[in-house]
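Q: sequence-free structure coming up:
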């Protein structure tokens, strides 16, 4: 099925659309619930003001992303790396500095 140059609302339920491609598509205010996006490739995407809940991002790779003002809460971060540095090590160093009276 091809949808080209259309302005429409799609209601997709209990469907398999694996290997689909979306290019130059406005999906603002779209909701995804119980969706499998494993091995998806997301490029040049605006996720401003998006909210991701109850998601499994294990083995996900982010590169050249703007994460300004991103908030991560109640997250399992074991093995998470930022610019090649273990987040666990960064948190431990922060806690050590904080205990020692550092800022």
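A: Received the coordinates, thanks. Not measured: the values here are computed from a predicted model.
Q: which residue ranges of the protein form helices?
A: 87-99 (DSSP state H).
Q: so residue 87 touches residue 80, yeah?
A: Yes. Residue 87 lies in contact with residue 80 (CB atoms under 8 Å); the separation is 4.2 Å. (C-beta placed from N, C-alpha, C; glycine too.)
Q: could you report the pLDDT at residue 2?
A: Residue 2 is assigned a pLDDT of 89 by the prediction.
Q: ugh, typo on my part, it should be residue 103
A: 66.
Q: neighbours of residue 99, how many?
A: Residue 99 has 8 neighbours, counted by other CB atoms under 10 Å.
Q: mind checking pLDDT for it?
A: At residue 99, the model reports a pLDDT of 92.
Q: same deal with residue 96?
A: 94.
Q: what's near enough to touch it?
A: Counting by CB atoms under 8 Å, 6 or more residues apart in numbering, residue 96 touches no other residue.
Q: could you measure from it over to residue 43?
A: Taking CB to CB, to the nearest Å as the measure, residue 96 falls 38 Å from residue 43.
Q: okay, strands next: where are they in the chain?
A: Taking DSSP state E as the criterion, the chain carries its strands at 81-82, 85-86.
Q: now do the first one: everything it contacts.
A: By CB under 8 Å, 6+ apart, the residues outside strand 81-82 that reach it are 87, 90.
Q: that strand: how far from the chain's middle?
A: Taking CA atoms, centre = their mean, to the nearest Å, the mean C-alpha location of strand 81-82 is offset from the chain mean by 15 Å.
Q: and if you look at the last one?
A: A distance of 19 Å separates the centroid of the chain from that of strand 85-86, by CA atoms, centre = their mean.
Q: neighbouring strands of that strand in the sheet, and parallel or not?
A: If you go by DSSP bridges, strand 85-86 pairs up with strand 81-82 (antiparallel).
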